[in-house]
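K.L.:
Just a sequence and a predicted model for now, questions to come.
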Amino acid sequence: MKIIGAGFGRTGTMSLKVALEELGYGPCYHMVEVFENPAHIELWNAAAHGDFVDWKKLFAGYKATVDWPAAAFYKELMEVYPEAKVLLTVRDPEQWYESTKNTIYSGPRQVSTPIPAAISRPPQMIEQLVWEGTFGGNFEDRQYAIELFKRHNKEVKEYVPSGRLLVYEVKEGWGPLCEFLRVKVPKDKPFPHLNDTESFLRMMRERLQTMDHPINDPQRAEPRFMKEASE
């Protein structure tokens, strides 16, 4: 593991994942990996309970992490990987809250129709680790969530040695990232900008449509979170 992402989800982590892989730091672990590796869910549940987790086994083959759930354990990962650098992705707190509320918070956890186990288990883990574990069940309290977001970023800046940390907004592009990692800026490669609210909703629709879910029935209503977030 060369890079540990300490930034919360919806701070450009999908764009950063793709950028890091372009720079040779792949594969990079992101929340999407949990959907692709269901066996990891029990390990993250154990971590959420404070139980022992063999981090090196979990991240075998990965060169970097970004996004939740790993961001919640950046301190533990720093101990396991003492040479790894830390990336703290940040963005405007108000924009972060709106983006998070309209996507990952209002996702399958809000769908009233039955969801197959294959897609329900990751949201259940996220519920426990993020919405309950990080936000104490109070994410809907806008001011509380925003203050916690700010406090987390402040804590990371204070905890991680300055020479080991990059505080980064993905809108800054390749320059600061490549300088921090001491690698060349890719030629003729625009910095990736992925997973905005619209593309997130599209991804969820596509994921649900590939499964035996009531959303596939044209007589059934579209899940509420997809309607609200697109309005």
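P.N.:
That came through fine.
K.L.:
Please make it C-alpha for all contacts and neighbour counts, starting now.
P.N.:
Will do.
K.L.:
Low-confidence regions, the chain specifically.
P.N.:
Scanning the chain for pLDDT under 70 picks out the ranges 107-123, 195-231.
K.L.:
Closest to the centroid, which residue in it?
P.N.:
In the chain, the centroid-proximal residue (C-alpha atoms, centre = their mean) is Asp67; its distance is 2.7 Å.
K.L.:
what sits against the residue nearest to it when sequence neighbours are not counted?
P.N.:
In space, and not counting its chain neighbours, Asp67 is closest to Gly9: 4.8 Å by C-alpha to C-alpha, 6 or more residues apart in numbering. Gly9 is in contact with Asp67, Trp68, Thr100, counting by C-alpha atoms under 8 Å, 6 or more residues apart in numbering.
K.L.:
and with 10 Å instead?
P.N.:
30-31, 66-69, 71, 89-90, 96, 99-100, 104, 130 (C-alpha atoms under 10 Å, 6 or more residues apart in numbering).
K.L.:
Mark which of those are part of helices, please.
P.N.:
Met31, Trp96, Ser99, Thr100 (DSSP state H).
K.L.:
For these, please prepare CSV with the additional fields neighbour count and distance to Lys75.
P.N.:
Formatted as CSV, those follow (neighbours: other C-alpha atoms under 10 Å; distance: C-alpha to C-alpha, whole Å):
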residue, neighbour count, distance to Lys75
Met31, 19, 18
Trp96, 18, 23
Ser99, 18, 26
Thr100, 19, 23
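K.L.:
how about stretch 18-28 as CSV, C-alpha atoms only?
P.N.:
Provided in CSV are the C-alpha atoms of stretch 18-28 (Å, rounded to 0.1, in the frame of the first residue of the first chain):
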residue,chain,number,x,y,z
VAL,A,18,-9.1,6.6,-11.7
ALA,A,19,-6.4,9.2,-11.6
LEU,A,20,-4.2,7.2,-9.2
GLU,A,21,-4.6,4.1,-11.3
GLU,A,22,-3.5,6.1,-14.3
LEU,A,23,-0.4,7.1,-12.4
GLY,A,24,0.4,3.5,-11.6
TYR,A,25,-1.1,3.2,-8.2
GLY,A,26,-3.6,0.6,-9.1
PRO,A,27,-5.6,-1.2,-8.3
CYS,A,28,-7.0,1.4,-5.9
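K.L.:
Tell me which other helices or strands whichever helix or strand Leu20 is part of touches.
P.N.:
Element membership for Leu20 (DSSP states H and E) is helix 13-22. With contacts taken as 3 or more C-alpha pairs under 10 Å, 6 or more residues apart in numbering; DSSP states H and E, helix 13-22 sits against strand 3-5, strand 28-29, helix 31-36, strand 64-65, strand 85-89, helix 174-181.
K.L.:
Glu36 and Tyr29: what is the separation?
P.N.:
Glu36 sits 11 Å away from Tyr29, going by C-alpha to C-alpha, to the nearest Å.
K.L.:
Those two: who's more crowded?
P.N.:
Taking neighbours as other C-alpha atoms under 10 Å, Glu36 and Tyr29 compare with Tyr29 leading, 23 against 11.
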